Structure formats: structure tokens, C-alpha cells
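# Just a sequence and a predicted model for now, questions to come.
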Amino acid sequence: AQSVAQPEDQVNVAEGNPLTVKCTYSVSGNPYLFWYVQYPNRGLQFLLKYITGDNLVKGSYGFEAEFNKSQTSFHLKKPSALVSDSALYFCAVRDIKNDMRFGAGTRLTVKP
Amino acid sequence: DSGVTQTPKHLITATGQRVTLRCSPRSGDLSVYWYQQSLDQGLQFLIQYYNGEERAKGNILERFSAQQFPDLHSELNLSSLELGDSALYFCASTRGRGGTSSDTQYFGPGTRLTVL
């Protein structure tokens, strides 16, 4: 069965520093991987997805994610964090047989 | 703005009551997905409709039901409400059926249900 794990409930970084939000997955077949962000009292906003091809995927708001097949990971990264990046981040996975499954979410706090 | 709309934004009701949540997908999208987000359960997939037909079922209680109408909007019906049903309910839409495609799910702003 497919699954996705976000090992950190909370990530704290200082503004201007690089950030990483971790995600690992388990699927049969080739994965489709997604990152979403949720701001308070808002719906989930799509950031980026990996389907195939280049392992480094660029998305909205300066975010990027690196697909690593050998480590079954899809970590979200940003070179320089902003206070406005503070939000809840969800990783999700879908394989060719199943529907989307979301991780538990990681709360990112960027401090000035 | 994702293009997915949900009404109402907030709903406050009492235990034992029944409510209906409404979702309109993005223009051209045929699939609608319903999710429940609560503090202790995270984001839980409830059910998916594709072009009017139920396509996939997740952790949906028997007290809950949904349908998708010919104009592709969807309604989620929650009955015999309990305190534990208090949560954010989101819908999302995709162009295709999902499952065999790389379609991105676009989410609506959600309906916050409070059961007192």
C-alpha cells in the first residue's frame, strides 16, 4: 500500500536561512509526488509535483523539491526562507493504482 | 484562487442534526474529492466522484454521503452529527479520474463545521 511520511511535526528556521521539509514515501510502481501548503483558515495550495524526468522540481514561491529514488524521498527546499513562508506543509503521493494519500503535515515557522 | 468554490464557509449546528456542504469544481474538471481535516486525524480522504459516478471511497462514515450532479457540483451530506464530526471539510477537483494520471488536485477554501 502506498504511504507517505513527514518525519518532523515542526521545523523552525530563521529568516534568510535555507529550509528543508522532509518527506519519504512508499509506493508500488513509479510515484507521483506532490507538495501543498496550507495557510491558517485556508485550503491547501498546490506548490509543485514530480511526475518523471528531472529530479529537481521547481514550484511556486521559490520552492523546489528533490526526488531521490534510492532514498524514496521528496524533500521540499527553499534557499532563503521568508517569514511569510510560515505555514503547514503537506506531502502527498499517488501511484498508478491508488488515490492520493497525504502526510500528517509539517508546521514550518520562520522567525525574523 | 484555485477556482474551486465551497459553501458555506462556516457552519454551526447541534448534535443529531443534518447538514449539506456544497462544492463547485474548477471549470472543466470532472472529478471532485472530499476530505476531512481534524486536529487529531490530519487530512482524511472521504470520497471521490467522477462525472457523476462514485469512483473511490476512503474513510467515509455511513452517516455521511455525497453525490455529484449533472452540472458537476457536488454535495456532501452529514447526518446524525456528533461532536467528533467538527472539522474542516475540503473538496478538491481534477480534470481526470485520478489514480491513473498525474492530475493535480486543486482545493477549495473549505467549510468549517462546528457541532455543539
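Sure, I can see it. As the structure is a prediction and not an experimental result, all values here were calculated from the model.

# Tell me how many other residues crowd the nearest residue to A:Leu56 once chain neighbours are set aside.
Excluding its sequence neighbours, the residue lying closest to A:Leu56 (C-beta to C-beta, 6 or more residues apart in numbering or on different chains) is A:Glu66, at 5.5 Å. The way it works is simple: take the backbone N, C-alpha and C, and place the C-beta from them, glycine included. Look at A:Glu66: counted by other C-beta atoms under 10 Å in any protein chain shown, it has 16 neighbours.

# Need the residues that contact the host helix or strand of A:Glu66.
Assessed by DSSP states H and E, A:Glu66 sits inside strand A:64-68. The contact list for strand A:64-68, computed with C-beta atoms under 8 Å, 6 or more residues apart in numbering or on different chains, reads A:33, A:35, A:48, A:50, A:55-59, A:73-78.

# give me that answer again for 7 Å
A:33, A:35, A:48, A:50, A:55-59, A:74-77 (C-beta atoms under 7 Å, 6 or more residues apart in numbering or on different chains).

# again with stretch A:14-21
Here stretch A:14-21 has contacts from A:11, A:13, A:75-83, A:89, A:106, A:108, A:110-112, using C-beta under 7 Å, 6+ apart.

# Looking at the residues you listed, which are in helices?
Counting by DSSP state H, no part of these is found in helices.

# Just the buried ones from the residues you listed?
Among these, the ones that count as buried by 16 or more other C-beta atoms under 10 Å in any protein chain shown are A:11, A:13, A:75-76, A:78, A:81, A:89, A:106, A:108, A:110.

# Output those residues in JSON lines; the columns should cover pLDDT.
Shown next, in JSON lines, are these (pLDDT from 0 to 100):
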{"residue": "A:Val11", "pLDDT": "98"}
{"residue": "A:Val13", "pLDDT": "98"}
{"residue": "A:His75", "pLDDT": "98"}
{"residue": "A:Leu76", "pLDDT": "98"}
{"residue": "A:Lys78", "pLDDT": "98"}
{"residue": "A:Ala81", "pLDDT": "97"}
{"residue": "A:Tyr89", "pLDDT": "97"}
{"residue": "A:Thr106", "pLDDT": "96"}
{"residue": "A:Leu108", "pLDDT": "97"}
{"residue": "A:Val110", "pLDDT": "97"}
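
# Strands - which of those land there?
A:11, A:13, A:75-76, A:78, A:89, A:106, A:108, A:110 (DSSP state E).

# burial count for the residue of chain B found nearest chain A?
Proximity of chain B to chain A (C-beta to the nearest C-beta) peaks at B:Phe107, 4.0 Å away. The number of residues packed near B:Phe107 is 22, by other C-beta under 10 Å.

# Return the residues in contact with it.
By C-beta under 7 Å, 6+ apart, the contact list for B:Phe107 reads A:43-44, B:2, B:4, B:90, B:92.

# Direction included, what does the strand holding A:Glu66 pair up with?
strand A:56-58 (antiparallel), strand A:73-78 (antiparallel) (DSSP bridges).

# Find out how far that strand is from the centre of the chain, if you would.
Relative to its parent chain, strand A:64-68 has a centroid offset of 9 Å by C-alpha atoms, centre = their mean, to the nearest Å.
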